[in-house]
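K.L.:
what would the 3D arrangement of this be:
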Amino acid sequence: MALASRQGSGRMAQVLSAAGLQVAVSSPKLAAPTTAMPDVDADARRELEKVEANAKPTPIPVHKAYSMSGENKVFAEKQGLECDALLFKVDLKRDEMRFYHLQLIHETNKDLFVLFTRWGEIGETGAFQRTPAANKEEGLKDFGKVFKEKTGNVWDPTGETFE
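P.N.:
Residues are numbered from 1 along each chain as shown. Prediction:
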């Protein structure tokens, strides 16, 4: 009976009571936690700050269809503001699913800026075109013009003027 009382076994107490024995049922004492609950939000913030502090920005690769020799890279005024846009147009009524990829590529060995455009149906290779520009300003102007034609928005790599 003492064992049933110490364990807090309700089933054993019922059986003993049915047999005519008196059992004093007490609830078992739970062990107190030895450590405090961790603050998962603070831990996650600390880990995220560590990762962001050690993160090295990876440049956006030049599209493989560009295939010009030399040192080519997607032009960016500053890191993270590359002239690169991948657009999709889906028209369910006409059963059209198209993509359009724009990149302003800087060929550093020639100091040449080239607007690279690639378009087609989603799931297909599509076609591409390379349009050279006389200088950086003209390349940015051409990139912005094509972006506006396709989206109706002004090109702003910061995203501050996006509608």
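K.L.:
okay, helices next: where are they in the chain?
P.N.:
2-7, 10-18, 40-54, 136-151 (DSSP state H).
K.L.:
residues contacting the last one, please?
P.N.:
For helix 136-151, the surrounding residues in contact (C-beta atoms under 8 Å, 6 or more residues apart in numbering) are 75, 83, 85, 87, 89, 100, 102, 104, 106, 113-115, 117, 131, 133, 153-155. C-beta coordinates here come from the backbone N, C-alpha and C atoms, glycine included.
K.L.:
show me which of those are buried.
P.N.:
Among the contacts of helix 136-151, those buried by neighbour count (16 or more other C-beta atoms under 10 Å) are 75, 83, 85, 100, 102, 104, 106, 113-115, 117, 133, 155.
K.L.:
residue with max distance from the center of the chain?
P.N.:
Seen from the C-alpha centroid of the chain, the residue lying at the greatest distance (C-alpha atoms, centre = their mean) is Gly20, 68.3 Å away.
K.L.:
how much space separates that one from Arg11?
P.N.:
17 Å (C-beta to C-beta, to the nearest Å).
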